[in-house]
Structures are given as structure tokens and as C-alpha cells.
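# Give me a 3D structure for the following:
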Amino acid sequence: MAVEVSAARVSTTSLRIIGSTTTEVSEKKNDKEGTRMRIIDRIKTISNERKRSNVRNSESLDGSINGVAFYSFEFFPPKTEKGLDNLLLRIDRMVSRLNPMFIDVTWGAHTQNKSFLVASHVQRYCGVDVLLHLTCTEMTHGRMTEILNQCKYCGINNILVLRGDSNGSPPIKQGQTQWNPSGETEDSNKTFQYAIDLVRFVRERHGNYFSIAVAGHPEGRVRGPSFTTRTNLDVIEDEITYLKEKIDAGADYIITQFFYDVQAFISYVKKCRSYGITCPIIPGVMPIQNFSTFIRMTEFCGIHVPKTIMDLLLPVKDDDDAVKEIGCKISVDLCRSIVNAQLPEVEGFHFYTLNLERSVTRILDSMKTVVEPPVLAVDDWRSKISSPISESGGMIDKALIMPSQRPLPWRPSTMDKRAKEEIRPINWANRPKSYVARTDDWDEYPNGRWGDATSPAFGELSDLAHYYGYSFGSEDERREMLSIKTGSPPLQLCDIYEVFARYIEGKIPNLPWCESSLQPESFTIQAELAELNRKGFLTINSQPAVNGVPSDNPQFGWGGPNGFVYQKAYCECFVSPENAQKLVQMVTNNPSMNLYAVNASGEDFKSGVNEGGVTAVTWGVFPNREILQPTIFDPSAFLVWAEEAFSLWTSMWQNLYDVDSPSWELVNNIQSTFFLVALIDNDYLRRDSLFDALLHLERSE
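Model prediction:
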């Protein structure tokens with residue numbers, strides 16, 4: 001039995017991680033223009049590829065919508081801090097499960113700070129591009145300059161330019177300046193009157209750094225009393241004339257107001273094309289959540305509601321659940337009609353979520369843009385997928401697995417300075433925001449290979465992230481998750497074991513070590529993980545072995561089409577000292593396995609083949625590319641992660657209870673005596689060997 005023991009405590013301040021293909025210190029600026037694709041660049045890339053491949057939007061016989069290129073979601077900043085926490089959790093969940101191309105965040109005169117908070121948080125941590133609304137009414141050039149610079153600092157390079165609504169002040173004529181007590185006129189005091197003024201301003205000051213979207217109104221927009229006597233056709237023609245001017249001034253694409261009259265939208269797009277507007281047009285879709293809100297918003301925005309839709313809603317107008325169900329069907333039918341119209345440069349949809357999740361999810365599910373993975377297919381790796389259970393409990397619902405569009409197994413950052421990052425340690429796989437925070441001040445990020453741990457080009461894993469607290473709910477909510485029986489705190493080890501098992505089964509949404517629900521790739525070992533947790537092997541990170549699965553597979557795929565992906569079985573868990581010794585014996589009996597373990601005091605040991613080396617645990621083979629290995633295990637990084645992992649027992653759970661209470665003592669005992677163990681099975685040809693060995697270890701007792 002090969003076991004090495006060390007009592008030396010690991011210090012994160014002396015640990016230098018990461019490597020690269022170079023050891024030279026980078027002097028590149030963090031905010032470098034042109035290192036990351038803007039939204040318009042991504043839309044054009046997708047559109048060009050679809051044209052080359054002769055892919056067109058269409059509805060198939062089973063009712064699914066083929067070839068929808070992308071979709072996006074809109075959110076607005078809530079008024080309360082609790083609402084803000086919940087929104088960030090919801091955005092993160094929707095981004096992870098539904099994979100939108102981008103999300104947009106609204107802007108208001110009294111919500112600017114919160115808009116920036118939401119936008120910058122999502123841009124930095126959620127791995128999805130943010131489109132930030134900017135309204136120009138009553139905004140000075142000086143203030144807008146500050147805002148645009150702040151956008152660049154936060155990594156935001158996509159904006160939606162809107163005129164916005166006045167707060168009641170008299171309209172300002174174009175070119176007029178605001179009143180200045182000093183009597184002097186400064187350029188910074190000039191204000192904007194129309195969206196086109198802001199489009200020109202952004203292009204003049206920032207070139208092509210920003211991708212600029214503008215709003216379209218398929219049914220026209222009434223702009224004042226002088227328009228009330230004009231025909232709807234006149235209003236729409238004026239709308240398109242102004243829209244063409246904004247495109248000519250530098251706007252890149254159009255997102256429309258929501259609508260329910262599909263023919264009005266189709267006519268609008270055709271008329272735009274006749275005016276020479278060739279840019280992408282993204283139709284806005286607003287799911288109907290509540291009848292009174294629906295009436296109020298359509299009347300306020302001047303949206304025409306076809307009689308067929310009103311006839312569906314009126315009989316159930318007092319039943320919110322029925323309204324939502326019919327509203328989802330209306331939205332799906334609207335999207336299908338647009339797809340079937342085969343409109344040029346109309347290849348995606350923009351959903352006005354109203355900060356709600358279920359309706360959008362149901363719509364995408366009905367459109368079959370999210371798919372359920374096949375069950376009991378011929379391929380061996382698919383043979384153990386569990387049956388989906390409802391959201392209220394049981395196994396994870398697999399109707400929400402996206403067809404793989406992932407460039408990497410983990411969601412890459414959308415910050416410019418991390419644009420070339422290609423490799424991360426597996427330990428933070430379920431806590432990626434902490435990893436991003438801890439590595440935020442690095443000058444370079446590893447690409448190509450993990451490399452030399454002594455390289456001076458990369459920083460240390462910062463200690464600051466020990467205090468990084470992504471919201472896992474209020475203290476009361478966390479106490480409730482820890483209560484196996486209502487109102488009863490955990491009193492025995494088996495109570496804690498049950499909490500972990502319930503997370504695996506999808507009955508609670510997260511753990512301190514796992515920011516979101518179980519990842520799709522672990523569905524194939526879900527039952528095994530639940531059993532292991534109830535036996536005292538508290539898993540916080542795991543993946544099954546994969547041998548040459550196609551890279552477009554919805555559960556395991558990443559990296560683009562026509563490739564094959566591989567991964568070694570991996571399991572990371574908290575265990576008692578007694579169970580740690582059982583694992584050492586298991587690894588000794590299985591020559592393809594490695595074990596690394598450490599406790600909160602820094603006592604560490606390892607066992608198995610090739611101890612101490614960095615190893616790739618996920619890799620892929622693709623045409624005309626080098627082998628990619630985006631996820632690795634590094635024993636040094638594992639020790640740094642362990643300090644964070646052990647600290648979470650105290651900060652997230654132990655501090656919920658009075659000092660010296662039975663629940664406080666229970667959590668303290670686990671934190672101070674258990675080991676964190678990482679297990680790797682290097683034989684990826686045997687899919688089940690690691691988890692079969694773990695289960696056999698328990699069942700043989």
C-alpha cells in the first residue's frame with residue numbers, strides 16, 4: 001500500500017498554481033479591444049455557417065422547431081436586496097440549464113446602480129454575454145462617457161440604445177444644453193434627444209468596441225399628439241425611416257417590441273428589407289403570465305391583440321395557471337409561425353421574461369429547443385439514465401438538457417482578459433464563481449496545457465475568495481434545507497448524509513459546495529451517488545468515465561461538431577477517517593486508481609499510481625486541432641481548494657446554530673475530523689469501475 005503522510009499545513013499564500021505554454025510575464029492590458037466576440041459577431045457567424053450548411057428554420061413533423069439559431073432573455077433589476085439575490089440565482093440557473101446566447105438587463109433613471117450590479121455580476125461570473133440597456137433621454141454627454149467607460153471596465157461590450165421616457169421635464173431640442181449655473185456651456189453638458197444621437201456618440205467615441213442594438217416596433221410607435229390623426233401605415237413607415245437612419249448611423253441589429261399579431265411582424269420585416277435594412281431582426285416574445293397584466297401592458301404599449309387570442313384568454317382570465325398555460329401555447333404558436341415564414345436574417349427569439357422562469361422554460365421545451373436525452377439507447381454510456389421526475393421532488397428533470405453547444409466542459413468567462421482561458425482544475429467545477437473570483441487578478445490564464453506550477457506569469461489562488469459568498473438563500477432557507485423533518489435541525493450524522501442525498505436527487509437546489517443542481521453528465525450515476533451519500537460518502541464533485549462520445553452529445557459533448565470526448569471517472573467526497581482508510585484499501589486493490597486526501601488541519605496523504613502528478617480528467621479530439629484537455633486534476637490545487645471546502649462547513653452551516661448546540665457540535669465534528677478525498681480512475685475504458693468499486697465497498701459490509 002503506497003501511502004504518504006504529511007502533517008504540514010498547506011498555505012495558500014505560498015502556493016503558486018497554473019502554467020502555460022510560456023513563462024514570460026504578461027504585460028498585456030486586461031481590457032483589450034477585439035479579444036472577444038460581440039453579440040453581433042456571434043449572430044453573423046452563426047448565420048453565415050447556417051447559409052454554408054444550407055440550414056433553415058423549419059417545423060418538423062413532431063412539432064419541434066428545427067434550426068432555431070439562438071434565443072435570449074431579458075431581466076430587470078428588482079427593488080429589494082432579497083429580490084436581487086433571487087434574481088441572480090434565477091439568471092444563473094436559467095443560463096446553466098437553457099444556454100441563451102445572451103441576456104439583457106433593463107435600465108431606468110432610478111435603477112442605474114442595480115442595473116450595473118446585475119449586468120457586471122452576470123458578465124463576470126455566469127459565462128454569458130450581457131446586453132445592457134442605455135437610455136439617452138436627459139442624459140448628458142459627460143455622464144454617458146462615464147457609463148460607457150464603466151461598461152468597458154466591467155467587460156460589457158454590448159448595448160441596447162433606447163430613447164427612454166422623460167421624467168416629466170419639458171423635451172430638450174436636439175443640440176440644446178442643460179441649464180448650467182456657471183453660465184458656461186461645456187461639451188460634457190450636452191444632452192441627447194433621440195436614440196440616433198447616442199448611436200452616433202458611441203461610434204464616434206468608441207469605434208466598434210460596442211455591439212449596438214436598437215429597438216424596432218412592428219406595429220409602429222406613437223410619438224406624440226401630432227401622430228394621433230395619422231394612419232397606422234404612416235406611423236409604421238415613419239418608424240422604419242427612423243430605424244434605417246439608426247442602422248446607417250452604426251447600429252448593428254434590431255430587437256423588436258413584443259407583439260401578438262404575427263402577420264404584423266412579418267409585414268414589418270418585409271417592409272424593413274424593402275427600405276434597405278438588411279441587419280438581423282430579433283422578434284421579441286412576451287409570455288402571458290397574468291390576464292390583467294397582459295391587458296395593461298398591451299394597452300400601454302399600443303399592442304394589437306388578435307381576436308383569436310382574446311377568445312382563448314377571456315374564458316379563463318381569472319385562473320392564473322390556465323392563463324399561463326394558454327399563454328405558453330400562444331408564444332409557441334407565434335414562434336412556429338415566424339419560423340415557417342422563412343424570413344431572411346430572422347433566426348432567433350428574444351424573450352421578455354418579466355424575471356420569471358417557468359413559462360420561458362416551458363416554451364423552449366415545447367419548441368424542442370431543449371431536449372430530453374434518449375433512454376436505453378444502444379450506446380452503453382446511455383443505458384443508465386434515470387426517468388425524469390417533476391420539479392417538486394425526485395430525480396432531476398432531464399427535459400431541460402440542451403443539445404450541446406458548449407465550447408468547453410465548463411462555461412467560459414465572457415471577460416476579455418480571460419478570452420484565451422482553456423484549462424481549469426476540476427475541483428471548482430461546481431463552484432465556478434469562486435474560482436473566477438480567486439483568479440481575477442491573474443495576468444494570464446492557462447491555455448494549451450496547465451503547465452509549470454513555478455511559472456512567474458500566473459498569480460496565486462487568492463485567499464479573498466474564502467469570503468466570496470454567492471447567495472445560497474437566507475439563513476432560514478438554509479436551516480430548512482438542513483431539516484430532514486419540518487422544524488427539526490440535524491442531530492445525527494445520518495441527517496447530514498440525507499441532506500447530501502436529497503441534493504443528488506434534486507429535492508433541494510444546492511449545497512455550499514455546489515452552486516446549482518446536479519450536472520447532466522452525472523445523471524447516469526445519480527442513483528449510485530444517492531446511495532453513496534446515504535452511506536457517509538458525501539460527494540461534492542463527480543463525473544463518470546466516457547470513452548469517445550460524439551462531441552455534440554447533449555450530456556457529455558463540448559467543443560463543436562465532429563469530435564469525440566473522453567473523461568476519467570472522478571469522485572470527490574468528505575468521509576470519516578474510518579471510511580478514508582477503506583478508500584485507501586480500495587485504491588490499493590485497483591491499480592488504475594489514484595487517491596488524494598486532506599483534512600481541515602492540513603494532514604494529507606495519497607495512494608495509488610503516479611502519485612503527485614497533474615493529470616487530464618477531460619479531453620477531446622477534434623478535426624484539424626490539437627488534443628484539448630480543458631479539465632485537469634492538480635494535487636497542489638486540490639489542497640488549496642480543500643481549505644475553501646472545509647471553511648464552507650463553518651460559514652454556511654455551522655454558524656446557523658447556537659454555539660455548543662447539538663447541531664453546531666455535529667457540523668463542527670464533521671468539519672474538524674472528516675477528510676476531503678479525491679479519487680481518479682485512470683482506466684476510462686471501464687465506465688463503471690470507480691463507482692462499482694465504491695458501492696461494492698459498502699454493500700460487502
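
# The helix or strand containing Leu89 - contacts with which helices or strands?
Following DSSP states H and E, one finds Leu89 within helix 81-98. In this structure, helix 81-98 packs against strand 70-75, helix 112-125, helix 358-366, with contacts taken as 3 or more C-beta pairs under 8 Å, 6 or more residues apart in numbering; DSSP states H and E. In short, each C-beta sits where N, CA and C put it, glycine included.

# same thing but at 10 Å, please
If contacts are counted by 3 or more C-beta pairs under 10 Å, 6 or more residues apart in numbering; DSSP states H and E, helix 81-98 sits against strand 70-75, strand 102-105, helix 112-125, helix 358-366, helix 432-438.

# Comparing these, which comes out most buried?
Among the helices and strands packed on helix 81-98, the stretch with the highest mean neighbour count (mean count of other C-beta atoms under 10 Å) is strand 102-105, at a mean of 25.

# List the strands paired with it, with their directions.
With DSSP bridges as the test, strand 102-105 is paired with strand 70-75 (parallel), strand 129-135 (parallel).

# follow-up on the earlier one: of the helices and strands packed on helix 81-98, which is nearest Val598?
Evaluated with C-beta to C-beta, these place helix 432-438 nearest to Val598, the distance being 17.8 Å.

# Can you spell out which helices and strands pack onto that closest one?
Secondary-structure packing of helix 432-438 (3+ C-beta pairs under 10 Å, 6+ apart): helix 81-98, helix 112-125, strand 424-425, helix 635-648.

# Pipe the strands paired with strand 102-105 into TSV and attach mean pLDDT and distance to Trp513 per row.
Putting the strands paired with strand 102-105 into TSV (pLDDT from 0 to 100; distance: least, C-beta to C-beta, whole Å) gives the following:
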stretch	mean pLDDT	distance to Trp513
strand 70-75	95	27
strand 129-135	95	27
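
# Take those strands and lay them out in CSV including distance to Gln671.
Formatted as CSV, the entries for these read as follows, by distance: least, C-beta to C-beta, whole Å:
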stretch, distance to Gln671
strand 70-75, 37
strand 129-135, 37
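
# any idea which helix or strand comes after the helix-or-strand element of the chain with minimal mean pLDDT?
The helix or strand of the chain with the lowest confidence, counting by mean pLDDT, DSSP states H and E, is strand 4-6 at a mean of 40. Stepping forward along the backbone from strand 4-6, the first helix or strand reached (DSSP H and E) is helix 39-52.

# quick one: buried residues of that following helix?
Of the residues in helix 39-52, those with enough neighbours to count as buried (16 or more other C-beta atoms under 10 Å) are Ile39, Ile40, Arg42, Ile43, Lys44, Ile46, Ser47.

# Just list the residues touching the most centrally placed residue in the chain, thanks.
Centroid check for the chain by C-alpha atoms, centre = their mean gives Val95 as the closest residue, at 3.3 Å. Listed by C-beta atoms under 10 Å, 6 or more residues apart in numbering, the contact partners of Val95 are Phe73, Phe102, Ile103, Val122, Tyr125, Cys126, Gly127, Val128, Arg411, Ser516.

# Going by neighbour count, which residues in the longest helix anywhere in the chain are buried?
Of all the elements of type helix in the chain, the one with the most residues (DSSP state H) is helix 320-340. Residues of helix 320-340 classed as buried under the neighbour-count rule (16+ other C-beta under 10 Å) are 323-324, 326-328, 330-332, 334-336, 338-339.

# what's the closest of those residues to Ile196?
The nearest member of the buried residues of helix 320-340 to Ile196, counting by C-beta to C-beta, is Ile338 at 27.3 Å.

# Hmm, the closest one is touching Tyr268, no?
No: shown here, Ile338 and Tyr268 do not form a contact pair, counting by C-beta atoms under 10 Å, at 11.3 Å.

# Determine the residues that are contacts of both of these two.
Here Ile338 and Tyr268 have Pro283 as joint contacts, going by C-beta under 10 Å, 6+ apart.

# still on that earlier bit, of all the strands paired with strand 102-105, which one comes closest to Leu532?
Among the strands paired with strand 102-105, strand 70-75 sits nearest to Leu532 (C-beta to C-beta), with 35.9 Å.

# CA-only coordinates of that closest one, as PDB, when you get a sec.
These are the backbone C-alpha positions of strand 70-75, laid out as PDB (Å, rounded to 0.1, in the frame of the first residue of the first chain):
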ATOM      1  CA  PHE A  70     -30.400  31.200 -30.700                       C
ATOM      2  CA  TYR A  71     -32.600  32.900 -28.100                       C
ATOM      3  CA  SER A  72     -32.000  35.400 -25.400                       C
ATOM      4  CA  PHE A  73     -33.700  36.600 -22.200                       C
ATOM      5  CA  GLU A  74     -34.500  40.000 -20.700                       C
ATOM      6  CA  PHE A  75     -34.400  40.800 -17.000                       C
END
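
# and it, how far out from the chain's middle?
In terms of C-alpha atoms, centre = their mean, to the nearest Å, the centre of strand 70-75 is found 12 Å from the chain centre.

# Which helix or strand contains Gly284?
Under the assignment here (DSSP H and E), Gly284 is part of strand 281-285.

# Distance from the chain centre to that strand, please.
The chain centre lies 21 Å from the centre of strand 281-285; the measure is C-alpha atoms, centre = their mean.

# what sits up against the helix or strand following that strand?
Sequence-wise, the next helix or strand beyond strand 281-285 is helix 291-301, with elements assigned using DSSP H and E. Defining contact as C-beta under 10 Å, 6+ apart, one finds that helix 291-301 is touched by 217, 219, 221-222, 257-260, 286-288, 290, 303-305, 309-310, 313-314, 316-320, 322-324, 326-327, 352, 354.

# what does whatever helix or strand comes next after helix 291-301 rub up against?
Read in the C-terminal direction, the helix or strand following helix 291-301 is helix 307-313, with elements assigned using DSSP H and E. The contact list for helix 307-313 (C-beta under 10 Å, 6+ apart) reads 260-261, 288, 291, 294-295, 298, 305-306, 317, 322-323, 326-327, 329-330, 333-334.

# Could you do stretch 83-91 as well?
Contact with stretch 83-91 is made by 73, 75-78, 80, 100, 103, 105, 114, 117-118, 121-122, 125-126, 128, 130, 353, 355-357, 433, 470-474, 509-510, 515-516, as judged by C-beta under 10 Å, 6+ apart.

# can you do 8 Å?
When contacts are taken as C-beta atoms under 8 Å, 6 or more residues apart in numbering, the neighbours of stretch 83-91 outside the stretch itself are 73, 75, 77-78, 103, 114, 117-118, 121-122, 126, 355, 357, 471.

# Looking at those residues, which is nearest Gln581?
The shortest approach to Gln581 among the contacts of stretch 83-91 belongs to Ser471, at 37.3 Å (C-beta to C-beta).

# circling back: go through the helices and strands packed on helix 432-438 and find the least confident stretch.
Least confidently modelled of the helices and strands packed on helix 432-438 is helix 81-98, at a mean of 87 by mean pLDDT.

# any idea of the angle that one forms with strand 70-75?
170 degrees (axes from the mean of the first three to the mean of the last three C-alpha atoms, to 10 degrees).

# residue boundaries of the strands in the stretch 601-701 of the chain?
Along the stretch 601-701 of the chain, counting by DSSP state E, counting those that start in this stretch, strands occupy 604-608, 615-621, 628-633, 675-681.

# Among the ones you listed, which comes closest to Glu347?
Minimum separation from Glu347 across the strands of the stretch 601-701 of the chain (C-beta to C-beta) falls at strand 615-621, 27.3 Å.

# For that closest one, C-alpha coordinates in CSV please.
Once non-C-alpha atoms are left out, strand 615-621 reads as follows in CSV (Å, rounded to 0.1, in the frame of the first residue of the first chain):
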residue,chain,number,x,y,z
THR,A,615,-3.5,14.6,-14.9
ALA,A,616,-6.1,15.5,-17.5
VAL,A,617,-9.5,14.2,-16.5
THR,A,618,-11.4,15.5,-19.5
TRP,A,619,-10.1,15.8,-23.1
GLY,A,620,-11.3,15.9,-26.6
VAL,A,621,-10.2,15.1,-30.1
